[in-house]
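[1] Next comes the sequence, and after it the predicted model I'd like to discuss.
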Amino acid sequence: MTTPAQPPRPIEIEEIELAVKEAASADAAVPAQAQPRDAAYWAPKVDRLTVDPDRAAMGFNIAGRRVTGPQQGFGRLYQRTYSAALKPMVTPQQLISEWKANFGSFWPKGNRFGATLIAPGEVAPIAMKAGAGFKLSTGVLVLYADDESFTFMTPEGHMFAAWITFSGHIENETTVMRIQILLRTSDPLFEMAWPVMRFMEDRFWRQTMRNVAARFGITGIDIQEKLVVVDKKRQWKNWRNVWHNMAIRSVLHLLTAPVRLVRRVAH
Amino acid sequence: MDKSMTSTVVRVGDGLTSVIDIRGDVTAASEPALMAAYEEASRQGARRLVLNFSDLEYMNSGGIGMLVTLLVRANRQHQPLAAYGLSDHYREIFELTRLDEAISIFDDEATALSSSVLG
């Protein structure tokens, strides 16, 4: 004997809510892979740099380039540190917030930083003053940024294969502003120019630090400098980096400007 | 300065290899702890080094810089450097910074120890 099939009972709204809650709690019981505390601070992985179309003209030397760290460079490995105590007190968070918000405006005049945002993954073209109105074109990737520090990584062709970290930290109850660069010159030509570049680099970052301090009404800061040779060896296997040399390519770009102009007119 | 939140344990992986277990945070402040571990491994006669990042909880750009310093020291002594236990997140950071071109990355300790990359 068979029992006649019962018509399906309509499902009450309360039952649906209960089922949803049970499903949600079942999901919660499965341990999700915890996101590391630093996850939001790192740039997403990129193989080659892409430049925002609005900044394409300025970023001709970095579009399509790979980023480089000190291990991809040519010259000796240096750790260059500039630091200065900020008195009266500015918190590290205030310092870094202001520095990130107005990064390019703190640079010495004549140099241009082509991004308004310092955020992980941002690609910023750079135009550097090289005398007689000529500018060298390069850029950086924002590799890391949190509330107390941010780090740039340089692309192929930049004069340095480097990580440059800007930070603020408390030392003896005073905030210390710091720029730390872990660098190798990129290729043999830049290595030959290192004595001059080092002098220019020092002047550039000293002026930048004074400008940052001045934003907080602090003048006459005492900038401490330290140079550590981490590795005396040159990495000859990377001598071919010269192919991407941004100085050579910037000159070529300038020389071929008339050709590009003719092409544009022709089209 | 930040205080180090890093702890390290040096173990003998096989006759020639030392394994350094790294726990906690890796930042610039980790340098004394990590360099001490490296020196201990070298004192034990390690010809090769394997870094275990299974218990890595946090790393900032200062930490990556410090790993380069460690790499240079190991290279100077002709000690190949490898790593394992990196989560997907930290593996991507190694790839982004191109540190993976200098430090061989493996899924687990057994693979790292048996790898011919370490010589």
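    Here it is on my side, so go on.

[2] Model confidence at residue B:1, what's the number?
    On pLDDT, residue B:1 comes in at 47.

[3] nope, residue A:76 is what I meant
    So, for residue A:76, pLDDT stands at 95.

[4] now the one 4 residues further on
    Among the per-residue scores, residue A:80 shows a pLDDT of 93.

[5] these two touch, right, it and residue A:184?
    No. With contacts counted by Cβ atoms under 8 Å, residue A:80 stays clear of residue A:184, the gap being 11.4 Å. Yep, even glycine has a C-beta here, placed from its N, CA and C like the rest.

[6] The two: which is more packed in?
    More crowded of residue A:80 and residue A:184, by other Cβ atoms under 10 Å in any protein chain shown: residue A:184, with 29 against 20.

[7] and that one, bridged to which residues?
    Note on residue A:184: beta-bridge partners by DSSP bridges are residue A:161.

[8] contacting residues around it?
    A:70, A:73-78, A:160-162, A:235 (Cβ atoms under 8 Å, 6 or more residues apart in numbering or on different chains).

[9] quick one: it and residue A:60, what's the gap?
    In this view, residue A:184 and residue A:60 are 24 Å apart by Cβ to Cβ, to the nearest Å.

[10] related to what we said a few turns ago, export the contacts of residue A:184 to JSON lines and append columns for secondary structure and distance to residue A:35.
    JSON lines is the format used below for the contacts of residue A:184 (DSSP: H, G, I helix; E, B strand; the rest coil; distance: Cβ to Cβ, whole Å):
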{"residue": "A:70", "secondary structure": "helix", "distance to residue A:35": "28"}
{"residue": "A:73", "secondary structure": "coil", "distance to residue A:35": "33"}
{"residue": "A:74", "secondary structure": "coil", "distance to residue A:35": "37"}
{"residue": "A:75", "secondary structure": "coil", "distance to residue A:35": "38"}
{"residue": "A:76", "secondary structure": "coil", "distance to residue A:35": "38"}
{"residue": "A:77", "secondary structure": "strand", "distance to residue A:35": "33"}
{"residue": "A:78", "secondary structure": "strand", "distance to residue A:35": "35"}
{"residue": "A:160", "secondary structure": "strand", "distance to residue A:35": "32"}
{"residue": "A:161", "secondary structure": "strand", "distance to residue A:35": "30"}
{"residue": "A:162", "secondary structure": "strand", "distance to residue A:35": "29"}
{"residue": "A:235", "secondary structure": "coil", "distance to residue A:35": "36"}
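
[11] okay if I get those as TSV plus distance to residue A:141 and neighbour count?
    Below are the contacts of residue A:184 laid out as TSV (distance: Cβ to Cβ, whole Å; neighbours: other Cβ atoms under 10 Å in any protein chain shown):
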residue	distance to residue A:141	neighbour count
A:70	15	31
A:73	16	27
A:74	20	22
A:75	21	23
A:76	23	17
A:77	20	25
A:78	20	22
A:160	13	24
A:161	13	31
A:162	11	26
A:235	21	18
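
[12] What is the nearest of those residues to residue B:38?
    residue A:77 (16.8 Å; Cβ to Cβ).

[13] Name the residues linked to the closest one by a beta bridge.
    As for beta bridges, residue A:77 partners with residue A:231 under DSSP bridges.

[14] Roughly how far does the spatially closest residue to residue A:204 that is not a sequence neighbour sit from chain B?
    With sequence-adjacent residues excluded and distances taken as Cβ to Cβ, 6 or more residues apart in numbering or on different chains, residue A:204 is closest to residue A:108, at 6.0 Å. Note on residue A:108: its distance to chain B, by Cβ to the nearest Cβ, to the nearest Å, is 25 Å.

[15] can you count the residues close to residue A:122?
    By other Cβ under 10 Å, 18 other residues sit near residue A:122.

[16] Name the nearest residue to it, sequence neighbours excluded.
    residue A:142 (4.3 Å).

[17] right, and the helix or strand after the helix or strand containing the one you found?
    Assigned by DSSP states H and E, residue A:142 falls within strand A:135-145. Using DSSP H and E, the helix or strand that follows strand A:135-145 towards the C-terminus is strand A:149-155.

[18] And residue 72, what's its pLDDT?
    Since you didn't name a chain, this refers to chain A. Confidence at residue A:72, expressed as pLDDT, is 93.

[19] you looked at the wrong chain, it should be chain B
    Per-residue pLDDT puts residue B:72 at 89.

[20] Surely it and residue A:78 touch.
    No. With contact defined as Cβ under 8 Å, residue B:72 does not reach residue A:78; the gap is 11.3 Å.

[21] Common neighbours of those two, please.
    Between them, residue B:72 and residue A:78 share these contacting residues under Cβ under 8 Å, 6+ apart: residue A:230.

[22] OK, contacts around the residue nearest to residue A:122?
    So residue A:142 contacts A:43, A:115, A:118-124, A:150-152 (Cβ under 8 Å, 6+ apart).

[23] Check what pLDDT it gets.
    pLDDT recorded at residue A:142 is 96.

[24] Roughly how far does it sit from residue A:47?
    For residue A:142, the distance to residue A:47 equals 17 Å [Cβ to Cβ].

[25] What parts of the stretch 51-200 of chain A come near chain B?
    A:66-72, A:77, A:79, A:143-144, A:146, A:149, A:151, A:153, A:163, A:165, A:167, A:169-171, A:180, A:182 (Cβ under 8 Å from any Cβ of the partner chain).
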